[in-house]
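Undergrad: Sharing a model prediction with you, sequence too.
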Amino acid sequence: MCLAVPGRVLDIGEKDGTRMATVDFGGVVKEVCLEYLPDLQVGEYAIVHVGFALQRLDEESAKQTLELFAQLGMLQEEFGDPWERAAAEAGAGDGDWPFADDIAQQPHTGDAVQEAQQQ
Amino acid sequence: MKYIEEFQDPELARRLLDDIHATVTRPWALMEVCGGQTHTIIRHGIDQLLPEQVELIHGPGCPVCVTPLEVIDKALEIASRPGVIFCSFGDMLRVPGTGRDLFQVRSEGGDVRVVYSPLDALRIAQQNPAREVVFFGIGFETTAPPNAMTVHQAKKLGIPNFSLLVSHVRVPPAIEAIMTSPSCRVQAFLAAGHVCSVMGMGEYPELAARHRVPIVVTGFEPLDILEGVRRAVRQLERGEHTVDNAYARAVRPEGNPAALAMLEDVFEVTDRAWRGIGVIPASGWRLSARYRDYDAEHRFSVTGIATQEPAECRSGEVLQGLIKPHECEAFGTTCTPRTPLGATMVSSEGACAAYYLYRRLDLAPARTAPLEASPVV
């Protein structure tokens, strides 16, 4: 319930005197209130929670963070202790990073909820 | 967002893990505050990839789990009244009150409806002027602004048959309560990113300084969690204790000013009981005097409710990070998502549900009783 998800603004309008948008969440389109981000524009991304856009997603910051992550390895290779690194890889690096489907099941949204919504 | 897949990149994860492994020299205990982060950690096995010295303790950041039993019972009471349409987020349907849940109320004839947004509940009120429509307003600082806006709209549009059953909670007082507990083992916090998207980071520097505890604002993708851990461990190893924003793509230091202004207008800070934990001073919100007419507790005068927690449920200890879910005797035996004793097992953000759902039973002590065939609720 508390989880907010990123979505992309498709178009913007007004309803009951309130600024509203249709937002695309990777194929699922929902109506979202823009009162807390009134200057959000079509094509931009925002973190959306229970039908409200709460914060703009800054692509530049995302890019910088990913670049930092990418640089970490290079910096370590340049300045780090190769023995320490080898030991660390021996401890953690069996290539079995578990983003595999066998572990990651769909998080339960609850049959009860789906049932309730269908009724 | 086009970067979502990249925030799950295994190669970048490996680099972050390498850095954490290379940095850590002694044991550290970190608490992730948000239940959404707990699910990312368990789902992706992040806790198992970290060095043995880094322990992740699961915090109380599941709004469904910490909603007091008394409030659940009030919801059940109001939802049972004739003429009421009771609207809630889906997660609340099977949270056990004293003896029953909202799902049972519905099966007994109560008009309980699941909505995606509180604005949907307001729409139902507009469409059913002869009925009383009540929305179950629980949640942390992420959920409070949408609920505040909905009450504001009800007043602005003059919708008299809408009210809110309010039980909002705030993260910083919970951090304060955890740090001042005699049994506290937490040495650093991964703060909940979306809470900070709304509130900003202004409440944290004083907490970090006073308790000498690093607080790293952290997102929800696997790489976000690893980066939060990496920054927290770096601070701990260096003896630092500052507030650090590792989720800059969604968190501005000032938060969301429009949302903060609405919270200030609609709510006022109050002491709040947390399920399984007890009363934490100034840890919640209630409707301010200007919006008292929209308070369902006043409108329906729900008082004198006797509550009773199941004795064998240890969710309070789980919520405080004192035990892991599988250390509870009832876990996976008398308590499952189908027959939950406590909210931590039924909530989609609950720590017990995460351990059950992702079959993290390898960690559990030897257990003879079989689990249910399907872990899905």
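TA: Now that the structure is in, tell me what you want to look at. Numbering: from 1, shown residues only, chains lettered A, B, ... in the order given.
Undergrad: From now on I want contacts and neighbour counts done on CA atoms only, so please keep to that.
TA: OK.
Undergrad: B:Ala208: what secondary structure?
TA: helix (DSSP: H, G, I helix; E, B strand; the rest coil).
Undergrad: What count of nearby residues applies to it?
TA: 21 (other Cα atoms under 10 Å in any protein chain shown).
Undergrad: And for B:Gly278?
TA: 12.
Undergrad: what's the answer for the one 4 residues further on, then?
TA: Neighbourhood size, B:Ala282 [other Cα under 10 Å]: 17.
Undergrad: who's in contact with it?
TA: By Cα atoms under 8 Å, 6 or more residues apart in numbering or on different chains, the contact set of B:Ala282 is B:Pro173, B:Val269, B:Thr270, B:Asp271, B:Arg272.
Undergrad: Strands along the stretch 101-250 of chain B, start to end?
TA: B:111-114, B:132-139, B:162-169, B:188-192, B:215-218, B:243-245 (DSSP state E, counting those that start in this stretch).
Undergrad: before we move on, what about chain A?
TA: A:5-15, A:18-25, A:28-33, A:45-49, A:52-56 (DSSP state E).
Undergrad: So which of the ones you listed is nearest B:Asp73?
TA: Closest to B:Asp73 of these, according to Cα to Cα: strand A:45-49, at 26.0 Å.
Undergrad: confidence score at residue 94?
TA: Reading this off chain A. Looking at A:Asp94, its pLDDT is 44.
Undergrad: switch to chain B, that's the one I care about
TA: 90.
Undergrad: now the strands of the stretch 101-250 of chain B as CSV including distance to B:His152 and mean neighbour count?
TA: What follows is the strands of the stretch 101-250 of chain B, written out as CSV (distance: least, Cα to Cα, whole Å; neighbours: other Cα atoms under 10 Å in any protein chain shown):
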stretch, distance to B:His152, mean neighbour count
strand B:111-114, 21, 22
strand B:132-139, 14, 25
strand B:162-169, 11, 27
strand B:188-192, 26, 27
strand B:215-218, 30, 30
strand B:243-245, 32, 23
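Undergrad: Could you dump the ones you listed into JSON lines and include distance to chain A?
TA: Output for these, formatted as JSON lines (distance: least, Cα to the nearest Cα, whole Å):
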{"stretch": "strand B:111-114", "distance to chain A": "6"}
{"stretch": "strand B:132-139", "distance to chain A": "7"}
{"stretch": "strand B:162-169", "distance to chain A": "12"}
{"stretch": "strand B:188-192", "distance to chain A": "10"}
{"stretch": "strand B:215-218", "distance to chain A": "12"}
{"stretch": "strand B:243-245", "distance to chain A": "11"}
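Undergrad: What's the biggest helix in the chain, counting residues?
TA: No chain specified, so I'll use chain A. helix A:59-79 (DSSP state H).
Undergrad: You answered for a different chain; I wanted chain B.
TA: Per DSSP H, chain B has its longest helix at helix B:222-238.
Undergrad: angle of it against helix A:59-79?
TA: With axes from the mean of the first three to the mean of the last three Cα atoms, to 10 degrees applied, the angle from helix B:222-238 to helix A:59-79 works out at 50 degrees.
Undergrad: and the nearest residue to B:Ala79 once chain neighbours are set aside, helix, strand or coil?
TA: Computed as Cα to Cα, 6 or more residues apart in numbering or on different chains, the closest residue to B:Ala79 that is not its neighbour in sequence is B:Phe86, at 5.3 Å. Secondary structure assignment for B:Phe86 (three-state DSSP): strand.
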